[in-house]
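> Here you go, sequence then predicted model.
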Amino acid sequence: MNIPIITPIQSTTLETKDVKTITFAHPAPVIPGQFYMIWIPGVDEIPMSVSRITLKTKAITFRDVGDATHQLFQLNAGSHIGIRGPYGNGFTIAGKHLLFVGGGTGIAMLAPAIEHARKQKVKTTVIIGVKTHQELFFEQHMKRTGATVYVTTDDGSYGEKGFASDLAATVLKKEHIDAVYTCGPELMMKTLHKLCKHIRFQASLERYMKCAMGLCGQCCVGDGLRVCVDGPIFDGTTLQKITDFGKYHRDAAGRKIMYK
Amino acid sequence: MNIPIITPIQSTTLETKDVKTITFAHPAPVIPGQFYMIWIPGVDEIPMSVSRITLKTKAITFRDVGDATHQLFQLNAGSHIGIRGPYGNGFTIAGKHLLFVGGGTGIAMLAPAIEHARKQKVKTTVIIGVKTHQELFFEQHMKRTGATVYVTTDDGSYGEKGFASDLAATVLKKEHIDAVYTCGPELMMKTLHKLCKHIRFQASLERYMKCAMGLCGQCCVGDGLRVCVDGPIFDGTTLQKITDFGKYHRDAAGRKIMYK
Amino acid sequence: MVDISTTIGSLRIKNPTMLASGIMDEDAGSMHRMIRSGAGAIVTKSIGLHAREGYPNPTVLELEYGLLNAMGLPNPGIDAYEDELQLLKKSRVPIIGSIYGATPDEFARLADTMQHCGAAAVELNVSCPHAKHYGMEVGCDTQLLYKIVTAVTEQVTIPVFVKISPNVTNIVEIASAAEQGNADAIVAINTVKAMKIDLETRQPILANKTGGYSGRAIKPIGVRCIYDLAQHIKLPLIGVGGITTGQDAVEYFMAGASAVQLGSAVYYRGPDVFRAVCTELKDWMSAHGYTNVSQLVGAALP
Amino acid sequence: MVDISTTIGSLRIKNPTMLASGIMDEDAGSMHRMIRSGAGAIVTKSIGLHAREGYPNPTVLELEYGLLNAMGLPNPGIDAYEDELQLLKKSRVPIIGSIYGATPDEFARLADTMQHCGAAAVELNVSCPHAKHYGMEVGCDTQLLYKIVTAVTEQVTIPVFVKISPNVTNIVEIASAAEQGNADAIVAINTVKAMKIDLETRQPILANKTGGYSGRAIKPIGVRCIYDLAQHIKLPLIGVGGITTGQDAVEYFMAGASAVQLGSAVYYRGPDVFRAVCTELKDWMSAHGYTNVSQLVGAALP
Ligand SMILES: Cc1cc2nc3c(=O)[nH]c(=O)nc-3n(C[C@H](O)[C@H](O)[C@H](O)COP(=O)(O)OP(=O)(O)OC[C@H]3O[C@@H](n4cnc5c(N)ncnc54)[C@H](O)[C@@H]3O)c2cc1C
Ligand SMILES: Cc1cc2nc3c(=O)[nH]c(=O)nc-3n(C[C@H](O)[C@H](O)[C@H](O)COP(=O)(O)OP(=O)(O)OC[C@H]3O[C@@H](n4cnc5c(N)ncnc54)[C@H](O)[C@@H]3O)c2cc1C
Ligand SMILES: Cc1cc2nc3c(=O)[nH]c(=O)nc-3n(C[C@H](O)[C@H](O)[C@H](O)COP(=O)(O)O)c2cc1C
Ligand SMILES: Cc1cc2nc3c(=O)[nH]c(=O)nc-3n(C[C@H](O)[C@H](O)[C@H](O)COP(=O)(O)O)c2cc1C
Ligand code: FES
Ligand code: FES
């Protein structure tokens, strides 16, 4: 059986004015980078990466961007959502000094990987890139892991002014980084990918998902790679062969939508 | 799954002019008294008790009495039959001196129980009742187990003249018997049952069977006892409550057929 | 306190688990055992005017996820069956007489006898998928079905249930014909047409070659049928098909059924399945704050 | 030596396992992966004249013994899909263009484009059980179906397959209409109407409420459909429904299919299922002394 299991929300945290974290009981093991399908009964079912992993609970952190996320945003402790998963492959975390680059809400799904790295006492640098200070979240949380945390804002309202990828380029020049992990706008990840020709690289892709079971083909990239099963994490070599990476994704009808 | 598995016949033995033993590979454990459903493809599927049990092979022994048994009778080593089972409960063999009474082909299904008792070094008396000498089989086989074997023939052509139940009455008077096991014509078993008010008694019933899985109700006796699952072996106390025992059975349509 | 009694029109039953037709119901003893096992009502084997031996074996198989059968409507005929029913006259659990025939007149005569034998209701089997001239062949012809149901409802005063097949293009149309004929309830579903081939002998295993699929595999099909019917038919519905646990029963109730029937589950969980399902149902209801089956009926409808 | 190539009318395929419509076939990359995974032919997602987003999620569930889906025919529309097909033009594995529409004219236009894009055949989806105005709604009306098939066969020169539904009273009647319209093969079956209700929220889980049941649970239903069709229809048959192993394929062949399609098995066993099924098929055939698929086709027929 692979159907949504109705689960009560344990707690919610408002991270910014439009970003929320929802915690619920889910005792199954989850690898950082994996995701759930979250059913908002009567509305929609959408993919959400795991943003916090404990033995018995898991959390998701998301931005209110549309129908389903907006409904989800209204829910509070005690409300019920349907959970199926975890799905996908998750990150492979290895190396002596790791760089994590999160753009926008991307930092949410990197957080468990960063926590994991820090628990292994791995030297960890984190760049959180947001448009403006109000959109920033998880900075303190990441600092508490012992990672070195930089923030960039497009408008310079906090931290360094500029793009996360620019700062990443600087870090990559200065430090010896073994691996780069990223989640964020695909064009940002594409830029990072180009910087990481000789560094191990893993990026988490987002594609429209329906089954999340590797069957319907809705989420495919490249030569039939299913983001829901073969991803969402792809490494640099694989991304090299995915010609659509950074170029286009597809909508619910399967039409190409170019990134710009 | 509970479907006939096609199995080649390993060997056949002619026991009398119309009784045959068929041996086939079947590694599953079988309790003496249990039966198989034997599929003769294109003809019928019929219940047959196990007449010989080894670790890897099993046998059935049957009389050519109608359509299906006649077709089965023609088959030789290498022919294929379908096997499902074993089904039913089997005998509970316990006591210091046991009496087995087989009427007609009934001795066939008692044989594994007798062998089992003798392997446990239990004192065993066997009565084989047949109409006439030509119908006798398994006498030597039973003797080789070390049991005391008596034969009765209705016409006196061999052994003692008379009914198996008459001889059983004599044995029960002379010896201290702990338990009686029987298979044969139901009226004979009914007579024995009356003799065994104070002795542990187990009889194997035959009823028309269809599913053999306890579902269709075709084989039911008494208050809904399914011969295929709750039997075919019933003990004296249970038989006491089965008002149809020795009175009638039912045909394929469920009509009562009186014993006479 | 949880009350699991339910009503199907004017028929009240102590618990909503009925024995489905064709399972452990050819003789009084078997039906009595099912009563003792906790069934809320008993549906008899489908009985015709004359004795029928049914098909040769194999007649029943267990496949991976369900059962497959082609019994061929074996039954001793209504006259012989009367004797069985007489023995159950004192039963406080309702006996529902399942009958099959080819014409309105046959159905009416059978129903009449069932009523005389004390049946609390009759169930018209117009849905057996594998008997020439009977069952589905009758039940897919809406005009004939209408005539049959009318003939029966005019003949007897006990409630008339019509058991319909999922093997049709439009199940609502069939049920409507029964509704127009004044049926008191719709029972759905009978088995789904299916088959199993033995690869070694290159032949269908059932003697009748094709048969009817039942058990857990067909539950999603049965639930859908009840859900569709509930949206278009005003009659009470009785759900059948793959019900094996108390939760399965809840699913059928939510789809719109007022009671359920269990067939294959008697194989999967033994005759005690009725008591088990009732316990599971009560437990589920009290854990979820329901006190009455009627609160569940149709809960998932739009 | 075992030869598992097969023919469906004039179409010869290297192995008899085709990718079923709707699975991993919305874009050229996916289809290319399925080709690399060993599929003998690819059936595209069902494509219409215009883009369709399909139903909201949940659209696919795994039930106990099979899958349940109500995608709602999502597709980018034939114009956008042309680009995908262009990328497969060099493929040596036949691409079969699945199309859906509401009228004969729509089907004919779609078929025409498919032919221009290099499709080796078209498959008319007149059997999707959960899309208003399309699929089954079209395929259950024998007159409309006849007109659609005729329109398509008059329009294109490539073979025309018609994929039919098991959710009908008489599947042979439907296939006959297609046969009369000059179809080249019948594909059976599409999914079986079914549903799943969530007990906690008291609502159907699929956004579309009801959907289509596929996978292992429906194999006995699909085999029966092919077996019935094979006895009444002269066209080559393609079996679909629950095929997961080589032995499942053998069962469909014996029932009368000349080739098979795999859908849900891609979930159960991964994309490599095509290669696995072919290996199992070859092993079974050589163990049983068969050298050619045609020796199996219809072996279980009376
Ligand atoms: C593997 C994966 C992990 C994700 N993790 C997160 C996360 O941790 N936090 C977060 O905020 N967002 C995450 N997303 C994105 C999130 O799924 C979408 O923002 C959400 O589905 C939007 O739904 P909506 O109804 O609110 O928006 P809509 O108004 O329906 O659409 C807004 C946009 O969201 C996307 N979207 C809508 N439905 C889906 C769907 N079924 N699958 C994928 N994308 C869809 C489309 O691109 C659409 O254009 C993830 C996406 C994927 C594929
Ligand atoms: C549990 C059990 C174990 C049996 N073990 C043996 C055995 O070891 N040796 C042996 O010779 N016989 C045994 N029988 C009897 C055997 O099954 C029948 O002799 C056989 O079925 C006759 O089939 P037929 O087609 O040859 O005869 P038919 O001409 O069909 O019928 C002859 C009689 O056999 C009986 N019969 C037919 N079909 C069935 C059926 N499906 N189930 C039960 N009875 C049937 C009927 O009473 C019928 O009147 C056993 C029966 C049962 C119930
Ligand atoms: C062995 C067997 C015999 C059946 N006989 C009948 C019958 O005589 N009349 C009838 O209406 N339905 C008959 N059915 C169908 C069941 O009553 C029921 O509709 C079907 O099996 C689905 O329910 P289930 O999944 O609980 O078994 C029979 C089913 C089985 C398995
Ligand atoms: C997710 C999914 C999507 C499907 N989409 C289509 C489709 O677009 N067109 C079509 O003709 N059949 C479609 N089908 C039906 C399959 O092609 C196939 O007929 C059915 O699933 C039975 O085969 P299976 O048991 O091997 O899956 C779909 C099935 C599934 C599971
Ligand atoms: S969402 Fe269906 S294959 Fe990935
Ligand atoms: S033979 Fe069916 S219950 Fe015994």
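That came through fine. Ligands and ions are numbered 1, 2, ... in the order given.
> need the helices for the stretch 51-200 of chain C, in chain order.
Per DSSP state H, counting those that start in this stretch, the stretch 51-200 of chain C carries helices over the ranges C:78-86, C:104-116, C:136-139, C:142-155, C:171-180.
> so which of those gets nearest chain B?
Proximity to chain B, assessed across the helices of the stretch 51-200 of chain C by Cβ to the nearest Cβ, is greatest for helix C:78-86 (5.6 Å). All C-beta atoms are positioned from the backbone trio N, CA, C, and that covers glycine.
> So which bits of the closest one are buried?
For helix C:78-86, a neighbour-count test (16 or more other Cβ atoms under 10 Å in any protein chain shown) marks C:78, C:80-81, C:84-85 as buried.
> Contacts made by it with the rest, please.
The set of residues external to helix C:78-86 that reach it, using Cβ atoms under 8 Å, 6 or more residues apart in numbering or on different chains, is B:254-256, C:26-28, C:31, C:44, C:47-49, C:51, C:75, C:95, C:97, C:99, C:109-110, C:113-114, C:117-119.
> Any of the residues you listed buried? List them.
Buried members of the contacts of helix C:78-86, scored by 16+ other Cβ under 10 Å, are B:254-255, C:26-28, C:31, C:44, C:47-49, C:51, C:75, C:95, C:97, C:99, C:109-110, C:113-114, C:117-119.
> where does the closest residue to ligand 6 within the stretch 51-200 of chain A fall, phi/psi-wise?
Closest residue of the stretch 51-200 of chain A to ligand 6, Cβ to the nearest ligand atom: residue A:84 (40.1 Å). With angles defined as degrees, to the nearest 10, residue A:84 sits at phi -130, psi 150.
> check contacts around it.
Neighbouring residues of residue A:84 by Cβ under 8 Å, 6+ apart: A:2-5, A:36-37, A:39, A:212.
> what do you get for residue A:70?
By Cβ under 8 Å, 6+ apart, the contact set of residue A:70 is residue A:64.
> Then the one 3 residues further on?
Under the criterion of Cβ under 8 Å, 6+ apart, the neighbours of residue A:73 are A:18, A:20, A:62, A:64.
> how about these, which pair is most distant?
Pairwise distances across those peak at 9.3 Å for A:18 and A:62 (criterion: Cβ to Cβ).
> Please work out how many residues are found near the residue nearest to residue A:226 when sequence neighbours are not counted.
Nearest non-adjacent residue to residue A:226, counting by Cβ to Cβ, 6 or more residues apart in numbering or on different chains: residue A:214, 4.8 Å away. Using other Cβ atoms under 10 Å in any protein chain shown, residue A:214 has 21 other residues around it.
> Could you do residue C:232 as well?
12.
> what's the pLDDT at the residue of the stretch 51-200 of chain A closest to ligand 6?
At residue A:84, the model reports a pLDDT of 96.
> do residue A:230 as well
97.
> quick one on the thing from earlier: buried subset of the contacts of residue A:84?
Taking 16+ other Cβ under 10 Å as the criterion, what is buried in the contacts of residue A:84 is A:2-4, A:36-37, A:39, A:212.
> So which of those residues belong to strands?
With strands defined by DSSP state E, the entries of the buried ones among the contacts of residue A:84 inside them are A:36-37, A:39.
> Output those residues in JSON lines; the columns should cover distance to ligand 5 and pLDDT.
Listed next are these as JSON lines, based on distance: Cβ to the nearest ligand atom, whole Å; pLDDT from 0 to 100:
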{"residue": "A:36", "distance to ligand 5": "13", "pLDDT": "98"}
{"residue": "A:37", "distance to ligand 5": "9", "pLDDT": "98"}
{"residue": "A:39", "distance to ligand 5": "15", "pLDDT": "98"}
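> and the residues you listed as CSV, adding distance to ligand 3?
Shown next, in CSV, are those (distance: Cβ to the nearest ligand atom, whole Å):
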residue, distance to ligand 3
A:36, 33
A:37, 30
A:39, 28
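> between the residues you listed, which is closest to ligand 6?
residue A:39 (43.0 Å).
> so that closest one touches residue A:82, yeah?
Yes - Residue A:39 lies in contact with residue A:82 (Cβ atoms under 8 Å); the separation is 3.1 Å.
> joint contacts of these two?
In contact with both residue A:39 and residue A:82: A:4, A:45, D:205, using Cβ under 8 Å, 6+ apart.
> Could you dump the residues you listed into a markdown table with distance to residue B:91 added?
Below are these laid out as a markdown table (distance: Cβ to Cβ, whole Å):
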| residue | distance to residue B:91 |
| --- | --- |
| A:4 | 52 |
| A:45 | 57 |
| D:205 | 51 |
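> could you pick out which of the contacts of residue A:73 are near ligand 6?
Residues of these in contact with ligand 6 (Cβ under 6 Å from any ligand atom): none.
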